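> give the three-dimensional model of this entry:
(one chain, ligands or ions: 1)
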Amino acid sequence: MDKLIIHGGRRLTGEVAVSGAKNAALPLLFATLLAPGPHRLGNLPQLRDITTAEHLLAGLGATVESRNGRVVLTSNTPATFEAPYELVRTMRASVLVLGPLLARYGLARVSLPGGCAIGARPINLHLKGLEAMGAEIHLDHGYVEARAKRLKGARIYLDLPTVGGTENLIMAATLAKGTTVLENAAREPEIVDLVRALQGMGAKIEGAGSDTVTIEGVDELKPMDYAVMPDRIEAGTLLLAAAMTAGQVRVLGARPEHNEALLSKLEEVGADIDIDEAGICVTGPGEICPVNIRTQPYPGFPTDMQAQFMALMAIGRGTSVVSETVFENRFMHVCELQRMGADINIDGHTATVQGVEQLLGAPVMATDLRASACLVLAGLAADNTTELSRIYHLDRGYEGLEQKLRKLGADIERVSA
Ligand code: EPZ
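The predicted model follows:
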């Protein structure tokens with residue numbers, strides 16, 4: 001398994017381009033199941049999860065031609081309507097085939113994703129919404145089997161603004177008979193991106209980005225021709241690298257409107273932020289002011305930036321309180337940060353971070369995607385050498401992160417253990 005070796009203490013300076021957003025690319029890829037195509041999707045990040053999604057689509061009747069972040073695919077009636085456990089357990093977003101398969105073919109058999117490092121992550125709200133649209137759902141030896149002659153429009157209240165649930169139900173509703181209204185829908189930019197692509201395919205959708213989304217079903221959809229939005233979490237991670245190292249980094253292609261909560265917190269930290277049409281530039285502060293954060297569904301502070309921000313607070317000049325309200329177990333990075341000398345105390349969903357003068361390089365282990373990013377940032381600011389193992393977690397969500405950081409002056413390299 002590969003490792004990252006980081007010699008800390010370098011100021012990061014320069015420009016780097018952000019890749020396409022993993023969490024927009026995945027629902028966009030699965031949305032191609034809604035129509036025969038040929039579909040064209042560009043600005044795809046070259047990541048393991050994207051490859052996994054393409055393999056899953058191929059198993060569901062698609063022909064996939066993928067080259068340099070662009071994919072052309074057709075989606076024909078599959079021999080099987082099944083998303084198998086071995087794929088779903090490696091990538092939970094595979095459950096997003098449920099809505100499109102049900103909408104187009106009236107049949108889907110998807111492995112229950114099971115839990116993951118950060119939480120139980122049930123899909124009960126996805127299933128409740130599909131049942132409201134007339135699907136018959138039953139559980140069969142770890143699989144969800146769903147059938148529907150034709151989905152019908154329904155008014156669905158989501159107990160939680162679930163991102164994946166909102167995406168699955170919007171996709172399902174595009175071909176349903178009648179109108180569907182999703183209330184308490186998630187508002188993430190990735191959902192707005194998906195809806196823009198669906199509208200380009202002829203879907204009739206209003207309210208994306210608000211908590212009420214209305215979808216008027218149509219009989220069929222045209223091919224997709226779209227380019228994925230920039231990855232706001234990768235952008236945020238790169239900007240935090242500047243703040244961690246008292247550097248200056250401009251992230252080209254980053255959109256400030258996608259990162260307002262993070263940018264507001266970075267200002268409180270004392271960073272200088274410069275925005276222009278090319279992207280976002282952050283100049284790290286000499287002294288990092290301690291700041292409290294509380295993760296919330298969009299537009300609140302993103303849970304996917306919590307671990308990375310905690311790394312910054314670990315070298316803040318004072319005490320910060322980090323509250324994680326979205327997932328029940330998203331503090332796995334804390335014990336690894338403690339190995340690097342961080343002073344953090346966890347009480348339930350709240351971590352109290354007492355900033356230290358300097359983090360100490362150490363061998364640490366990645367446990368999940370964003371925890372990996374947190375430990376890379378910590379290594380950049382730490383003294384001596386940090387060795388990060390199990391970086392297959394990192395490779396799921398960051399396209400060539402070590403190359404991007406090296407371009408900014410970091411001393412970081414990947415070695416095969
Ligand atoms: C998406 O996951 C993202 N993944 C996650 O990013 C992100 O952390 C999350 O949204 C929240 O922003 C993708 O887009 C591929 P949810 P998702 O459904 O859709 C509970 C990353 O690091 N819930 O909004 O699975 C659930 O348990 C990944 O890139 C139910 O209880 O998130 C969780 O506590 C990690 N029942 C909360 O809602 C349901 O039916 C938010 O989950 C669905 C969700």
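> please count neighbours and contacts with C-alpha atoms only from this point.
Fine.
> now the spatially most distant residue from the centre of the chain: how far from L44?
In the chain, the residue that sits farthest from the middle, by CA atoms, centre = their mean, is K149; the gap is 32.8 Å. To L44, K149 is 34 Å away according to CA to CA, to the nearest Å.
> same question, E336
Spatial separation of E336 from L44 under the definition CA to CA is 31 Å.
> just A242 next, same as before
When CA to CA is applied, the distance between A242 and L44 equals 25 Å.
> got it, and I233?
15 Å.
> before we move on, what about C374?
For C374, the distance to L44 under the criterion CA to CA works out to 23 Å.
> before we move on, what about D383?
35 Å.
> who has more neighbours out of those two?
Ranked by neighbour count (other CA atoms under 10 Å), D383 and L44 place L44 first, with 26 against 19.
> could you give the number of residues near the nearest residue to the more buried one once chain neighbours are set aside?
Leaving out its chain neighbours, the residue that sits closest to L44 by CA to CA, 6 or more residues apart in numbering is G69, at 4.5 Å. G69 is flanked by 17 other residues according to other CA under 10 Å.
> contact partners for G69?
Listed by CA atoms under 8 Å, 6 or more residues apart in numbering, the contact set of G69 reads G42, N43, L44, P45, Q46.
> which of those residues sits closest to the ligand?
P45 (12.8 Å; CA to the nearest ligand atom).
> tell me the secondary structure for that closest one?
Following DSSP: H, G, I helix; E, B strand; the rest coil, P45 is assigned to coil.
> against Y157, how distant is the closest residue to it other than its chain neighbours?
On the basis of CA to CA, 6+ apart, the spatially nearest residue to P45 that is not a chain neighbour turns out to be G20, at 5.0 Å. In this structure, G20 lies at 31 Å from Y157, with CA to CA as the measure.
> of those two, which one has the most company?
Under the neighbour definition other CA under 10 Å, G20 and Y157 were set side by side, and G20 has more, 24 against 16.
> quickly list what the more buried one is bridged to.
For G20, the beta-bridge partners are P230 (DSSP bridges).
> isn't it right up against P230?
Yes - shown here, G20 and P230 form a contact pair, counting by CA atoms under 8 Å, at 4.4 Å.
> quote the end-to-end distance of stretch 11-19.
In terms of CA to CA, the two terminal residues of stretch 11-19 are separated by 22 Å.
> show residues contacting that stretch.
43-45, 230-231, 234-235, 241-242, 245-254, 399, 404-405, 407-410.
> check which residues of it are buried.
Of all the residues in stretch 11-19, those buried under the rule 16 or more other CA atoms under 10 Å are R11, L12, T13, E15, V16, A17, V18, S19.
> and for stretch 35-54, what's in contact with it?
19-22, 25-26, 29-30, 32, 64, 68-76, 87, 91, 94, 104, 220-229, 395-399.
> where along the stretch 251-400 of the chain do the helices fall?
Counting by DSSP state H, counting those that start in this stretch, residue ranges of the helices within the stretch 251-400 of the chain are 260-269, 306-313, 332-339, 369-381, 392-395.
> go through the ones you listed and find the least confident stretch.
Of all the helices of the stretch 251-400 of the chain, helix 392-395 carries the lowest average pLDDT, namely a mean of 94.
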